[in-house]
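**Student:** how would this look folded up:
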Amino acid sequence: MRISLVGGMDRQSRHYRQEAESRGIDLRIFNTSEANLSAKIRHSDAVVIFTGKVSHQARREVMKVVASHDIPVFMSHNCGVCALKDCLNCVREGHRPVPTGRE
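**Tutor:** Numbering: from 1, shown residues only. I've put the predicted structure just below:
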């Protein structure tokens with residue numbers, strides 16, 4: 001399973017990866033502004049957005065992509081490892097993600 005994480009703190013990247021690997025998840029982290037972010041997250045099984053650490057423009061771009069490709073998105077205002085654990089649990093247990101405005 002491939003999950004993209006948008007936002008978060010650079011210094012936590014190693015911990016984010018360790019947590020995902022312990023659950024058998026391939027985690028792609030996008031902490032900084034990147035060119036073609038939409039193309040990079042297009043093939044994800046799910047997207048996690050740490051809304052407290054991401055720009056409004058990046059969030060809008062991600063929401064546009066997930067809506068057009070029917071990718072579940074989970075959001076958390078917190079950006080710690082525990083917040084990532086909660087989001088990964090939601091993904092694995094099949095909880096409903098936040099509405100993306102396409103309903």
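
**Student:** CA atoms of stretch 45-58 as CSV?
**Tutor:** What follows is stretch 45-58, C-alpha atoms only, in CSV (Å, rounded to 0.1, in the frame of the first residue of the first chain):
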residue,chain,number,x,y,z
ASP,A,45,-3.8,4.5,-2.4
ALA,A,46,-4.5,7.2,0.2
VAL,A,47,-3.3,10.7,1.1
VAL,A,48,-2.7,12.1,4.6
ILE,A,49,-2.5,15.9,5.0
PHE,A,50,-1.2,17.5,8.1
THR,A,51,-3.1,20.7,7.7
GLY,A,52,-1.2,22.6,10.4
LYS,A,53,2.0,22.4,8.4
VAL,A,54,1.0,22.7,4.8
SER,A,55,0.2,25.8,2.7
HIS,A,56,-3.3,26.6,1.5
GLN,A,57,-2.1,26.3,-2.1
ALA,A,58,-0.6,22.8,-1.6
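
**Student:** what residues of that stretch count as buried?
**Tutor:** Using 16 or more other CB atoms under 10 Å as the test for burial, stretch 45-58 gives 46-50, 53-54, 58. From N, CA and C alone the C-beta is placed, and that goes for glycine too.

**Student:** this structure: helices as residue ranges?
**Tutor:** Using DSSP state H, the helices of the chain run over 13-22, 37-41, 56-69, 81-93.

**Student:** list the residues that contact Asn31.
**Tutor:** 7-10, 13, 53 (CB atoms under 8 Å, 6 or more residues apart in numbering).

**Student:** let me have the buried residues of stretch 45-58 in JSON lines, adding distance to Thr32 as columns.
**Tutor:** Converted to JSON lines, the buried residues of stretch 45-58 look like this (distance: CB to CB, whole Å):
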{"residue": "Ala46", "distance to Thr32": "21"}
{"residue": "Val47", "distance to Thr32": "16"}
{"residue": "Val48", "distance to Thr32": "16"}
{"residue": "Ile49", "distance to Thr32": "14"}
{"residue": "Phe50", "distance to Thr32": "13"}
{"residue": "Lys53", "distance to Thr32": "10"}
{"residue": "Val54", "distance to Thr32": "10"}
{"residue": "Ala58", "distance to Thr32": "9"}
